[in-house]
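*Asks:* give me coordinates for this.
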Amino acid sequence: MDIPQTIGKYRVIKLLGSGGFGAVYLAEDPKLSGKVAIKVFSICNADFYDLSKEVPSNSSLNTARNRGLVLRERFVREANLLRQLSTNPNIVNVYDFDEMADGTPYFVMPYLERSLIDEIGKDALTTGALNRLPKELRPRKLPVLRVTEILTEILSGLAEVHNADLIHRDIKPANILFEANGRAQLCDFGVAKTPDSQHSETGVVMGSRNYMSPEQRESGSHVTAGSDVYSVGVLAYRMLTGTLPTGPCDDPIVYCPDMGASFNTLVLAALNPRREKRPADASEFLRRLQGAMNDKAVGDGPIGSGGENDDTVTEIGPAPSSVRVELKQLEQTIEDFLLEDGGIDKAQYKQLQMLAETENLRDSTLRHLVSCVKKRLESTIKPMQVFVVMVDDALVQARGTILEESLAALRKAGEQVGLDAESIKRILHKRQALYRTKGDDKRSASAFLAIFFLILMACICAGSLWWLIGGRQQSQDKTLSQTPRGSIQKLEKEIEKQITLPQSGLASLQQEEDDTSFDSTSRKPESTVSVTTMLSIPGGQFVMGSTGYSNVERPPHTVTIQPFQLGETEVTWAQYQGCIDSGVCSNNASDQGWGKANRPIINVSWNDVQRYIQWLNQKTGQRFRLPSEAEWEYAARAVVGERGSESRKNSDYSWGDNIGENQANCDGCGSQWDDRQTAPVASFSANVFGLYDMHGNVWEWVQDCWHDNYKGAPSNGDAWETASQVESQSEQCRRRVLRGGSWHNVRGYLRSAYRSADIVESTYFNFGFRLAHD
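*Replies:* Here you go, the predicted structure:
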């Protein structure tokens, strides 16, 4: 192959590799003096590519020339796809796209020298193949910490691909590249192939056979997002064990005992020959990976110091270490923070991020490092964590001011878990200061509203309703300019409620986190059983789903909702405990050491929830149930009856398109519980319907079976309880829908339209539910 001297404005340095119908060159940008990789389409090699699945053999298109045109179109599509997805930090960027003088298309990407092959070596399926490999390319496995780090980044990028309704189809080590700081990036989304000795010389439909799912080997037309999941499962097995899962093979935990049972189960699920048994897509795989990592903090040894798994490789010496020796100081700082009160608050984490940046350490690695230090110090910091949960709950209940008798009880509790007087005093002082800092804006806004409404009610009593309605805007403009930041919109909403609702309830002025429900009518079943307050949700129509995100949220469709009732909060431990005590519900559900009482129940499966509801209905004589998915999204959007809500009917959250600060509990929501633990229910403002925690805190099971889109979904608000086409009759509705996101998920998972699912037996530390009632 002739190597051009220039491609567009770029000076070619050398050929990096060529595949069936393209080539990749190393080049230099003459203006920026930086190296780039240029992928150039090559029509002359199109004969080597099998298009039989896309162009019938008897078609007039099935000529070398026209097959080349098909591939050229795919090449251009790949460039456009990469440009669209390149905002994701785990997908390779596209700098430029153009055509050469003869019309040959090319696109320009950053030059990334290292691929996953540099870390795990090449695959060798026979002894002869192994012996022919140079030592540095012989297969080896990685530390568990490094594996989870790479998987997290790969799945984050792949989730973006799946959300765009696309399938990568060629996940393999050669297509995982690394930036200088070690961040993984997905590449090769279409045609040109980088050098790969495992690639077939005669051409394949799409992908590399060692990493292909069974359905992909059978036909390129059968692939789904689940096919990519299988490929990632092979990749995970390969990184953990140093071998490929070919034929009868051992569980990865046999090779890697410190990976933990949950992680082992997840890898095996991804490798299931039946795709309906695998995680549905990269988003679900990533969520379950995060759960497995939480179940067992991986990589227990000090980072960068070696450890049992670091030198366990196939055929050769030490595998690459995931972090450097210089990070010992960072590790010591983490330890110091943890030994203060058992956790790391937001300000401390920012300090750690600054230290990590000086070592070019990305945030995912920092989080792993924190997790490992926590695991190592578990026996020391566990009493502190238990005590912190007690203090935080007391602060929420007492709204920041703990009475003397409560302080005495807390001191006694601290002593009982083994803390000395100095540690108790330090934790009490720190948690109270943190609570007050986070609550300053909200308390000042509430104080202002209380004063304003006292004046407002006086004006109404004096016959000044005309001033309120007709002359309000002019006087508000002057008054509101002096209100605390963030209170203007809330004040507007509260004023309108005073006008439009028959009962406002002056008692609500005493609530620090007041957000009056849309309908003040509520009831509890007449029973001694503890049940959450049920709020009346008015009927109406809304557009369910979205167009801008994943295909599973499409097509948007109009749904009519009949009036129903929904729990004001997620079901709490206190409310669920009666079922446990009666022996009907399992007592195996763990609170993860965070406390129970008014925190949401967690670690419950869909089947567990059904047993609880059956028990509750027998005890109360009522007909509680789970909400349908449509009812849940309608209640989460909460736009009916709110003035000026037309522009927000399709917003991501009930309050708008931005998550804001301290409005929910998630990873990055700005609350004191972010990515640490569940928050006590009703710790944030309610939506217009009066419902708390519809976004974040815990995932909420709903009644519906999982379908990967809304085609054929009910339009009357009923639960969709027919099985999807991929499920057999013997597996009717094995997967049920989860909604709302959780404390452990990033903000995107909290969107009103976001959908997830899991099998009915699954329990996780962020799975909960709320009740519905007709």
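*Asks:* Arg209 and Asp170: what is the separation?
*Replies:* 11 Å (Cβ to Cβ, to the nearest Å). Placement of C-beta: from N, CA and C, glycine included.
*Asks:* of the two, which one has the most company?
*Replies:* Taking other Cβ atoms under 10 Å, Arg209 and Asp170 do not tie; Asp170 has more neighbours (24 against 12).
*Asks:* for that one, give me phi and psi.
*Replies:* Main-chain torsions, Asp170, degrees, to the nearest 10: phi -150, psi 50.
*Asks:* again, but for Gln703
*Replies:* Here Gln703 shows phi and psi, under degrees, to the nearest 10, equal to phi -80, psi -30.
*Asks:* and the pLDDT for it?
*Replies:* pLDDT for Gln703: 97.
*Asks:* contacts only, for it.
*Replies:* Contacts for Gln703 (Cβ atoms under 8 Å, 6 or more residues apart in numbering) come out as 625-629, 719, 721, 736.
*Asks:* pLDDT weak spots in the stretch 351-500 of the chain?
*Replies:* 359-362, 364-365, 393, 396-406, 417, 435-500 (pLDDT under 70).
*Asks:* give the buried residues for the helix or strand Val370 falls within.
*Replies:* Here Val370, judged by DSSP states H and E, is contained in helix 363-376. By neighbour count on 16 or more other Cβ atoms under 10 Å, the buried set for helix 363-376 is 364-374, 376.
*Asks:* turn those into CSV, including distance to Leu125.
*Replies:* Formatted as CSV, those follow (distance: Cβ to Cβ, whole Å):
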residue, distance to Leu125
Ser364, 32
Thr365, 32
Leu366, 37
Arg367, 36
His368, 32
Leu369, 35
Val370, 39
Ser371, 35
Cys372, 34
Val373, 39
Lys374, 40
Arg376, 38
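*Asks:* of all those residues, which comes closest to Arg72?
*Replies:* Ser364 (37.6 Å; Cβ to Cβ).
*Asks:* got the domain boundaries for the protein?
*Replies:* For the chain, automatic domain parsing gives the domain ranges 6-111, 115-194+205-295, 325-379, 381-430, 440-510, 517-774.
*Asks:* which of those domains has the lowest average pLDDT?
*Replies:* domain 440-510 (a mean of 38).
*Asks:* any idea how far the residue nearest to Val609 when sequence neighbours are not counted lies from Gly540?
*Replies:* Of all residues not flanking Val609 in the chain, Phe769 sits nearest, at 5.0 Å (Cβ to Cβ, 6 or more residues apart in numbering). Distance from Phe769 to Gly540, counting by Cβ to Cβ: 23 Å.
*Asks:* give me the more crowded residue out of the two.
*Replies:* A direct count of neighbours by other Cβ under 10 Å for Phe769 and Gly540 places Phe769 higher, at 27 against 15.
*Asks:* quick check, that one in contact with Val604.
*Replies:* Yes: using Cβ atoms under 8 Å, Phe769 is in contact with Val604, at 6.9 Å.
*Asks:* give me the buried subset of the contacts of Gln703.
*Replies:* 625-629, 719, 736.
*Asks:* in strands, which of the residues you listed appear?
*Replies:* Residues of those located in strands (DSSP state E): 625, 736.
*Asks:* and which of the buried ones among the contacts of Gln703 is nearest Glu149?
*Replies:* Arg736 (30.9 Å).
*Asks:* ok, the closest one - contacts?
*Replies:* 606, 701-706, 757-760.
*Asks:* make it 7 Å
*Replies:* 606, 701, 704-706, 757, 760 (Cβ atoms under 7 Å, 6 or more residues apart in numbering).
*Asks:* could you list which of those residues belong to strands?
*Replies:* 701, 704-705, 757.
*Asks:* so the strand or helix carrying Leu145 versus helix 363-376, what angle?
*Replies:* Leu145 belongs to helix 144-163 when assigned by DSSP H and E. Angle, helix 144-163 to helix 363-376, by axes from the mean of the first three to the mean of the last three Cα atoms, to 10 degrees: 140 degrees.
*Asks:* helices and strands around helix 144-163, which ones?
*Replies:* Where contact means 3 or more Cβ pairs under 7 Å, 6 or more residues apart in numbering; DSSP states H and E, helix 144-163 is packed against strand 184-186, helix 225-241, helix 282-295, helix 363-376.
*Asks:* pull out the buried residues from it.
*Replies:* Buried, per 16+ other Cβ under 10 Å, within helix 144-163: 144-163.
*Asks:* before we move on, what about stretch 123-132?
*Replies:* Result for stretch 123-132 [16+ other Cβ under 10 Å]: buried residues 123-124, 130.
*Asks:* between the two ends of it, how far is it?
*Replies:* 12 Å (Cα to Cα, to the nearest Å).
*Asks:* just stretch 651-664 next, same as before
*Replies:* 16 Å.
*Asks:* can you list contacts of it?
*Replies:* By Cβ under 7 Å, 6+ apart, stretch 651-664 touches 438, 636-638, 648, 669-671, 684-685, 687, 694-696, 747, 750-752.
*Asks:* do the same with stretch 668-677
*Replies:* Stretch 668-677 is contacted by residues 343, 434, 438, 592, 594, 659, 661-667, 679, 696, 743-744, 746-747 when judged by Cβ under 7 Å, 6+ apart.
*Asks:* is it possible to mark the buried ones in those?
*Replies:* 343, 434, 438, 592, 594, 659, 662-667, 679, 696, 743-744, 747.
*Asks:* for the helix or strand hosting Gln353, name the packing helices and strands.
*Replies:* Assigned by DSSP H and E, Gln353 falls within helix 346-358. For helix 346-358, the packing partners by 3+ Cβ pairs under 7 Å, 6+ apart come out as helix 328-341, helix 363-376.
*Asks:* and that helix, how far out from the chain's middle?
*Replies:* Its chain's C-alpha centre and that of helix 346-358 lie 22 Å apart, by Cα atoms, centre = their mean, to the nearest Å.
*Asks:* so Arg140 is in contact with Thr241, correct?
*Replies:* No: contact criterion Cβ atoms under 7 Å: Arg140 and Thr241 do not qualify, at 10.1 Å.
*Asks:* quick one: which of those two has more around it?
*Replies:* Comparing Arg140 with Thr241 by other Cβ under 10 Å, the one with more neighbours is Thr241, at 24 against 21.
*Asks:* nearest residue to the more buried one other than its sequence neighbours?
*Replies:* Tyr255 (4.0 Å).
*Asks:* tell me how far that neighbour lies from Leu137.
*Replies:* From Tyr255 to Leu137 the distance is 20 Å (Cβ to Cβ).
*Asks:* swap in Phe564?
*Replies:* From Phe564 over to Leu137 (counting by Cβ to Cβ), the distance is 62 Å.
*Asks:* tell me which of these two has more neighbours.
*Replies:* Taking neighbours as other Cβ under 10 Å, Phe564 and Leu137 compare with Phe564 leading, 21 against 16.
*Asks:* residues contacting the more buried one?
*Replies:* 537, 631, 772-774.
*Asks:* can we see that at 8 Å?
*Replies:* 537, 539, 627, 631, 772-774.
*Asks:* tell me, what's touching Phe769 and Val604 both at once?
*Replies:* Trp701.
*Asks:* picking up where we left off before, got the buried residues of stretch 123-132 as TSV, with secondary structure and distance to Asp675 columns?
*Replies:* Output for the buried residues of stretch 123-132, formatted as TSV (DSSP: H, G, I helix; E, B strand; the rest coil; distance: Cβ to Cβ, whole Å):
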residue	secondary structure	distance to Asp675
Asp123	coil	36
Ala124	coil	40
Leu130	helix	42
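*Asks:* nearest to Glu568 among those residues?
*Replies:* Closest to Glu568, out of all of the buried residues of stretch 123-132 and judged by Cβ to Cβ, is Asp123, at 55.3 Å.
*Asks:* quick one: the closest one from Ala129, how far?
*Replies:* Applying Cβ to Cβ to Asp123 and Ala129 gives a distance of 8 Å.
*Asks:* what do you get for Asn662?
*Replies:* Asn662 is 57 Å from Ala129, by Cβ to Cβ.
*Asks:* cool, and Leu26?
*Replies:* For Leu26, the distance to Ala129 - Cβ to Cβ - is 28 Å.
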